[in-house]
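>>> mind folding the following:
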Amino acid sequence: MGPSVLLPPDRTLDDYVASLRPASISGDRPWVLANMVSAIDGAATFGGTSGAVNAYAPGDGTIFHALRGAADAVLAGATTVSAEGYGRLVPSAERRADRVARGLAPDPLAVLLSRSGEVPTDSELLNDPAQPSRIFTGAEAEPRVALRALRDEGVEVLLCEGGPSLLGALVRADVVDELFVTLSPVVGGGHPEHTLLGGEPDRPRALELRWLLELGGGLHARYAMLAAPPDPPGSLTQGALPPR
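Numbering: from 1, shown residues only. Below you'll find the model as predicted:
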């Protein structure tokens with residue numbers, strides 16, 4: 001069974017996939033997409049991995065592969081690469097052929113940020129000769145510094161897959177352009193560090209809902225990150241949104 005399109009109601013999943021890459025990229029960093037899964041209560045992981053969360057939203061894989069298929073590079077934290085057992089980012093020959101047909105490299109670049117310098121050198125991801133990778137450590141792993149370097153190296157669209165600490169760092173650096181969130185129909189509780197942004201936020205940031213899908217019991221939302229702060233609590237009016 002295909003997805004139920006909740007918002008807007010007049011487009012297909014193919015339309016959504018085709019629109020994942022912006023028409024043009026400007027500025028000194030890539031266009032940054034972030035993709036995360038969350039339980040209803042905000043937990044991004046159970047038992048240290050996201051797999052136990054998205055198991056309740058099997059449609060998450062559809063969005064996951066579509067986003068990987070649209071990105072020039074995929075960013076993940078060193079802890080996430082180890083915990084989630086990352087291997088070659090696009091293992092399917094058919095999916096690699098689809099990327100080539102759309103003018104992309106067959107394999108997206110795997111990018112790791114590690115301020116501590118600890119890197120999972122034994123991971124399958126970093127030991128597969130078919131998988132290109134780029135590792136930033138120390139001061140070079142600061143989000144704006146790393147993204148500027150990636151843009152200079154030709155990366156136009158970067159997909160961040162977390163974990164929560166990494167996504168939180170990107171949001172606090174104001175370098176996330178779009179946020180894709182799968183809301184999984186499960187609750188589990190847990191420590192704030194395991195929620196979507198890995199702990200307490202520094203300030204609110206406004207989002208604009210672009211589309212909402214239902215697939216396999218999960219809700220899949222695409223949000224644009226906006227520069228303006230949200231209306232204060234209790235406000236019933238909302239000013240014009242800034243242009244994208």
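
>>> so for stretch 28-38, what gets flagged as buried?
Buried residues in stretch 28-38, counting neighbours by 16 or more other Cβ atoms under 10 Å, are found at R29, P30, W31, V32, L33, A34, N35, M36, V37, S38. Backbone N, C-alpha and C define where each C-beta goes, glycine included.

>>> will you turn the residues you listed into a markdown table that also has distance to L170, pLDDT and secondary structure?
Output for those, formatted as a markdown table (distance: Cβ to Cβ, whole Å; pLDDT from 0 to 100; DSSP: H, G, I helix; E, B strand; the rest coil):
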| residue | distance to L170 | pLDDT | secondary structure |
| --- | --- | --- | --- |
| R29 | 11 | 97 | coil |
| P30 | 12 | 97 | coil |
| W31 | 13 | 96 | strand |
| V32 | 7 | 97 | strand |
| L33 | 11 | 96 | strand |
| A34 | 7 | 95 | strand |
| N35 | 12 | 92 | strand |
| M36 | 11 | 88 | strand |
| V37 | 17 | 85 | strand |
| S38 | 16 | 84 | strand |
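
>>> can I get the residues you listed in JSON lines including distance to L126?
Conversion of those to JSON lines gives the following (distance: Cβ to Cβ, whole Å):
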{"residue": "R29", "distance to L126": "24"}
{"residue": "P30", "distance to L126": "21"}
{"residue": "W31", "distance to L126": "25"}
{"residue": "V32", "distance to L126": "22"}
{"residue": "L33", "distance to L126": "22"}
{"residue": "A34", "distance to L126": "22"}
{"residue": "N35", "distance to L126": "21"}
{"residue": "M36", "distance to L126": "23"}
{"residue": "V37", "distance to L126": "24"}
{"residue": "S38", "distance to L126": "28"}
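
>>> and of those residues, the nearest to A149?
R29 (9.3 Å; Cβ to Cβ).

>>> make sure the closest one is actually in contact with V175.
Yes. Counting by Cβ atoms under 8 Å, R29 does reach V175; the two are 6.2 Å apart.

>>> quick one: low-confidence ranges for this protein?
1-15, 17-18, 45-52, 54-59, 189-194, 199-201, 228-244 (pLDDT under 70).

>>> can you give me the helices in it?
13-18, 51-54, 60-70, 78-83, 93-101, 124-127, 143-152, 164-172 (DSSP state H).
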